[in-house]
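# need a 3D model of the sequence below.
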Amino acid sequence: MTNSRPKVLIVCNKYVRDVYLRPDDLDRLAKFAEWEWLPAEGGQGFGPNEDPAILQLLLEKVDDVEGIVVCHGSPRIDARVLERAPRLKVVGELEGDRFAYRIDTEAAWQRGVKTLDTTNGSSYPVAEWALALAIISLRNAGEQFRHMIAHEAYQRPRTDFGYVHAELYGKKVGLIGCGHIGRRLIQFLKAFACDVRVYDPYIPKELPDVLNFLQTSLDFVMSDSDVVICLAPLTPATRRMIGKRELDLLPSGSVFVNVSRGPIVDSDALVERLRRRDIVAGLDVFDPEPIPADHPIKDLPNVFLSPHIAGVTAATREAFFTLMVDELDRFFHGHETRYDLLPRTLANRQGEPPPAR
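From the prediction side, this is the model:
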């Protein structure tokens, strides 16, 4: 850690300031750094704010900063900003969908500036909902709920999917993607003694050994799992990655869960596969969203739907900054950070082959 307290600039709009930045986290930050908030209204979604006036304000503030934290409303931290910030050592993104839309990573790396992203603050509740959808789907609870709210007297037959395939314990669970969500979900699945297999070409080779899972192909995950859970990010390579061929690999009696992004799956092919009535799906995402009122997916009894809520909780809004303060604490005290933006992350964004190890 430097002899003087580092200065950290937080660049975001008022909503982020009021909702994401908890007072106790700001107090933690103040124990080891001087911090300042630069209000930045404007910009769209995860994209950078292109307002020249906001950029000029930022340029006037960065000459002595050692850390910059960005979120919604911030301009892009690119060469123009970096050239005006000779003391800058670290730039962190709170909520950028993991792909550094507001950070020019190449320009930062060339100057030896570390880049961080704590978007994974919203990943952990997604893991919980993925587990819930797996359990709900194995019981085919969606169909039971339909009968109940329709005020129908219904006696579940012994041949019912939810009777035959009900328990998660000991099942073969296949994950498509093993990022922050997948790693948390694997921890949960340990309590159920599940046989976990994973398709993810981007993970380090050491991870299967650390978490004790089988790293394998997409076809194996789809064809030899009792429960398949899609956790992959949406990239050019993953769009429509799961189509008719892949869905036809699902064994009769299996469950398909998607908590990632709807366009990863061919919706028409999924509806067609579900119409055979031998599998059950638990879907938090779909394509298109919102699901049209008359879409056939809503009429299928072997589907449980939720409206893209897995990662949307009050706690996630605060978790982004909590994790970032943890990272800054580690960094400015000379420790290794956990949530670095790396070339591997950006390769995943484009759907490129992972960099050579």
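# any weak-confidence spans in the stretch 101-250 of the chain?
Low-confidence segments of the stretch 101-250 of the chain (pLDDT under 70): none present.
# in it, which spans are helices?
For the stretch 101-250 of the chain, applying DSSP state H, counting those that start in this stretch gives helices covering 105-110, 123-138, 141-149, 161-164, 180-190, 207-211, 218-223, 244-248.
# hey, which of those is tucked in deepest?
helix 123-138 (a mean of 23; mean count of other CB atoms under 10 Å). The C-beta positions use only the backbone N, C-alpha and C, and glycine is treated the same way.
# before we move on, the earlier item: right, and the helices of the stretch 101-250 of the chain - which one's nearest residue 70?
In terms of CB to CB, the element of the helices of the stretch 101-250 of the chain nearest to residue 70 is helix 105-110, at 11.7 Å.
# which SS class is the nearest residue to residue 142 once chain neighbours are set aside?
Excluding its sequence neighbours, the residue lying closest to residue 142 (CB to CB, 6 or more residues apart in numbering) is residue 304, at 3.5 Å. Following DSSP: H, G, I helix; E, B strand; the rest coil, residue 304 is assigned to strand.
# let me see the contact set for residue 222.
Residue 222 is in contact with 174, 228, 242, 246-247, 249-250, counting by CB atoms under 8 Å, 6 or more residues apart in numbering.
# please apply the same query to residue 169.
By CB under 8 Å, 6+ apart, the neighbours of residue 169 are 192-194.
# out of the residues you listed, who has the most neighbours?
Among the contacts of residue 169, residue 194 has the most neighbours (other CB atoms under 10 Å), with 23 neighbours.
# what about the nearest residue to it once chain neighbours are set aside, how many residues nearby?
Nearest non-adjacent residue to residue 194, counting by CB to CB, 6+ apart: residue 173, 4.5 Å away. By the measure other CB under 10 Å, the count of residues near residue 173 is 26.
# wait, residue 173 touches residue 221, no?
No. The pair residue 173 / residue 221 is not scored as a contact, 9.3 Å apart, by CB atoms under 8 Å.
# mind listing what residue 153 touches?
Residue 153 neighbours (CB under 8 Å, 6+ apart): none.
# mutual contacts of residue 173 and residue 221, please.
What both residue 173 and residue 221 touch, as defined by CB under 8 Å, 6+ apart, is the set 197, 228.
# contact partners of stretch 334-342?
Outside stretch 334-342, the residues that reach it (CB under 8 Å, 6+ apart) are 1, 93, 100, 103, 105, 114-118, 120, 323, 326-327, 330-331.
# okay, which residue is most central for this protein?
The chain has residue 123 as the residue nearest its centroid, 4.6 Å off, counting by CA atoms, centre = their mean.
# separation between the residue nearest to residue 194 and residue 57?
Distance of residue 173 to residue 57, given as CB to CB, to the nearest Å: 49 Å.
# repeat that for residue 212.
The gap separating residue 212 from residue 57 is 50 Å, by CB to CB.
# looking only at neighbour counts, state which of those two leads.
Counted by other CB under 10 Å, residue 212 and residue 57 do not tie: residue 57 has more neighbours, with 15 against 10.
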